[in-house]
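**Student:** need a 3D model of the sequence below.
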Amino acid sequence: MLTGEIRNQVDQIWNAFWSGGVSNPLSVIEQITYLLFIKRLDDLHTLEENKAANLGIPMERRIFPDGNDEQGRPYADLRWSRFKHFEAREMMDVVSERVFPFLRQMGEEGSSYGQHMKDARLGFSNAALLAKTVDMLDKIPMDDRDTKGDLYEYMLGKIASAGTNGQFRTPRHIIQLMVEMTQPTPDDVICDPALGTAGFLVAAGEYLRDHHPELFRDEKLRKHFHNGMFHGFDFDPTMLRIGSMNMTLHGVDNPDVSYRDSLAQEHDRDAGKYSLILANPPFAGSLDYDATAKDLQQIVKTKKTELLFLALFLRLLKTGGRAAVVVPDGVLFGSSKAHQELRKLLVEKHKLEGVLKLPSGVFRPYAGVSTAVLFFTKTGVGGTDHVWFYDMQADGYSLDDKRNALLPEEKLGLQFTSSLSAEEHAKNNLPDALIRWSKRDSEERENPRTAQSFTVSKEEIAATGTYDLSLNRYKEVEYAEVTHDKPADIIKELRALETVISDGLTKLEAMLG
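**Tutor:** I've put the predicted structure just below:
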């Protein structure tokens, strides 16, 4: 949990970057990511030193070599614990001219630590700003995983609040709801092919820590958690660095975060590899056929990125694997042949389990497009029985560009364990959606179509001919009967009122006259 003091320090650094000429919030995060990475290298080296000293054996893994570099500077000066004590100008010289070339060299040599640092550069020349940033980061208790993770999440939140590159940020409470609804297990192999800041993978990791702490007492499961469970792809090197650091600071040692154009590259080596996909892919785009992976075109012939990503998920999932993915509303009712074929594929060939309709302002201020979350399981042989629909009307925040909280912090998201009052539920539907989802195969089957959630049979969806999945296609609205007086009675009442008014005016004139 971040204290107010730490938040204030981060805010001060953020303002210092802006006044120092680093105005793009994504660039600020990138520079801080570099510094956190440098600090982590020193921490790992210190850990190895202590281990070797305690056991009386040589160091197994030496990050910083002995001796001096080619310019005669001791390699030890490249360590955070050394240069943090230097005067600002000397610190600037060491970090810019020694440390960053060292990072780039690690990346070129294929180090697991440096794979995303091949083009790392210090993006500012203000020595005082560097010294201030190093001092602030050094004061934060980085041995506490929660503090490290919360710190980074707080900084990532500033990408959204600054209004730049916010498309990389899915609201954290929406991510948590999707993770809770899919219930990751210690054996899962989880993938986000549109990684961004790795919010989905981080939330899945935190869910497992909270719900399956026993996995860390099992050597095989612990190794799987740190090395084989989490996979993410992106084609933006900056986002790969940020996503990788986010995972690292949340306690995942070696996630597979790699460069890949998910829609353009063939997926033979990854086909059927993953048991859970969580994603909010970019949509409203269009690609040329020759720029799209042929194995995706075989699933659905289209140029629409939102449909291609769904085809990708089906390609990457193993049989029995499940997915929770954000899609624009057009996917639910689009009339093109590709739209209809993909919906039919989900309903007839796999198991479509739920459609969670999100409020239209949930991604403001970056996009006002209406969206939904699709929940499905890849089977290859069908399995859709009833599809659960939920009409989420409020997520705890105002649905305008400001996105202000409508409830106290302890009643936002899913953290409120007691039931919300009717008035509070009207402002935050998330806890209710999670409870109803757990009953989708039992009590929810009995709900009328006028309820906030209900189920629709596969036969009824197929009977539409287009496999329409829009909630409004099936939802029924209750209209309260309103009775009105007869026009003749209303006119009679008006004439009586006119008479009263006229008599009153006559008496007033008499009194004044």
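
**Student:** hey, let's count contacts and neighbours off CA atoms from now on
**Tutor:** Will do.

**Student:** low-scoring stretches of this protein, by residue?
**Tutor:** 1-2, 108-113, 142-144, 160-168, 284-286, 288, 290-291, 416-418, 479-481, 513 (pLDDT under 70).

**Student:** longest strand in it, by number of residues?
**Tutor:** With secondary structure taken from DSSP state E, the chain has its longest strand at strand 317-328.

**Student:** quick one, helices of the stretch 1-150 of the chain?
**Tutor:** All helices of the stretch 1-150 of the chain, identified by DSSP state H, counting those that start in this stretch, fall at 4-19, 25-55, 80-83, 88-94, 100-108, 127-139, 145-161.

**Student:** next, format those helices as JSON lines and append mean neighbour count.
**Tutor:** Shown next, in JSON lines, are the helices of the stretch 1-150 of the chain (neighbours: other CA atoms under 10 Å):
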{"stretch": "helix 4-19", "mean neighbour count": "15"}
{"stretch": "helix 25-55", "mean neighbour count": "18"}
{"stretch": "helix 80-83", "mean neighbour count": "17"}
{"stretch": "helix 88-94", "mean neighbour count": "18"}
{"stretch": "helix 100-108", "mean neighbour count": "19"}
{"stretch": "helix 127-139", "mean neighbour count": "17"}
{"stretch": "helix 145-161", "mean neighbour count": "19"}
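
**Student:** okay, the ones you listed in JSON lines with distance to Thr464 next?
**Tutor:** Output for the helices of the stretch 1-150 of the chain, formatted as JSON lines (distance: least, CA to CA, whole Å):
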{"stretch": "helix 4-19", "distance to Thr464": "53"}
{"stretch": "helix 25-55", "distance to Thr464": "45"}
{"stretch": "helix 80-83", "distance to Thr464": "64"}
{"stretch": "helix 88-94", "distance to Thr464": "66"}
{"stretch": "helix 100-108", "distance to Thr464": "54"}
{"stretch": "helix 127-139", "distance to Thr464": "58"}
{"stretch": "helix 145-161", "distance to Thr464": "40"}
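
**Student:** quick one, which of those is nearest to Asp210?
**Tutor:** helix 145-161 (12.2 Å; CA to CA).

**Student:** contacting residues around Val94?
**Tutor:** If you count contacts by CA atoms under 8 Å, 6 or more residues apart in numbering, Val94 has them with 77-78, 83.

**Student:** export those to TSV and tack on distance to Glu206?
**Tutor:** What follows is those, written out as TSV (distance: CA to CA, whole Å):
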residue	distance to Glu206
Asp77	36
Leu78	33
Phe83	33
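
**Student:** between those, which is closest to Phe283?
**Tutor:** Using CA to CA, those come closest to Phe283 at Leu78, 43.0 Å.

**Student:** burial count for the closest one?
**Tutor:** Using other CA atoms under 10 Å, Leu78 has 22 neighbouring residues.

**Student:** elements contacting the longest strand of the chain?
**Tutor:** helix 172-182, strand 274-279, helix 305-316, strand 371-377 (3 or more CA pairs under 8 Å, 6 or more residues apart in numbering; DSSP states H and E).

**Student:** among the ones you listed, which is nearest Ala264?
**Tutor:** Minimum separation from Ala264 across the helices and strands packed on strand 317-328 (CA to CA) falls at helix 305-316, 10.1 Å.

**Student:** which one of the contacts of Val94 is nearest Arg40?
**Tutor:** The closest of the contacts of Val94, once distances to Arg40 are taken by CA to CA, is Leu78, at 12.5 Å.

**Student:** just give the nearest non-adjacent residue to the closest one, would you?
**Tutor:** Distances taken as CA to CA, 6 or more residues apart in numbering put Val99 closest to Leu78, at 5.5 Å, once the chain neighbours are dropped.

**Student:** do you know how far that neighbour is from Leu130?
**Tutor:** 13 Å (CA to CA, to the nearest Å).

**Student:** could you check how far the residue nearest to His173 when sequence neighbours are not counted is from Glu70?
**Tutor:** Nearest residue to His173, sequence neighbours excluded (CA to CA, 6+ apart): Gly413, at 5.2 Å. Relative to Glu70, Gly413 is positioned 54 Å away (CA to CA).

**Student:** how about Arg217?
**Tutor:** From Arg217 to Glu70 the distance is 45 Å (CA to CA).

**Student:** got it, and Ser438?
**Tutor:** Distance from Ser438 to Glu70, counting by CA to CA: 62 Å.

**Student:** one more: Thr371?
**Tutor:** Taking CA to CA, one finds Thr371 at 56 Å from Glu70.

**Student:** of those two, give the one with the bigger neighbour count.
**Tutor:** Neighbour count, other CA under 10 Å: between Thr371 and Glu70, Thr371 has more, with 21 against 8.

**Student:** A helix includes Val257, no?
**Tutor:** No: secondary structure of Val257 (DSSP: H, G, I helix; E, B strand; the rest coil): strand, not part of a helix.

**Student:** ok, it touching His231?
**Tutor:** Yes: assessed by CA atoms under 8 Å, Val257 is found in contact with His231 at 5.8 Å.

**Student:** who has more neighbours out of these two?
**Tutor:** Val257 (24 against 21).

**Student:** okay, and the beta partners of that one?
**Tutor:** Gly232 (DSSP bridges).
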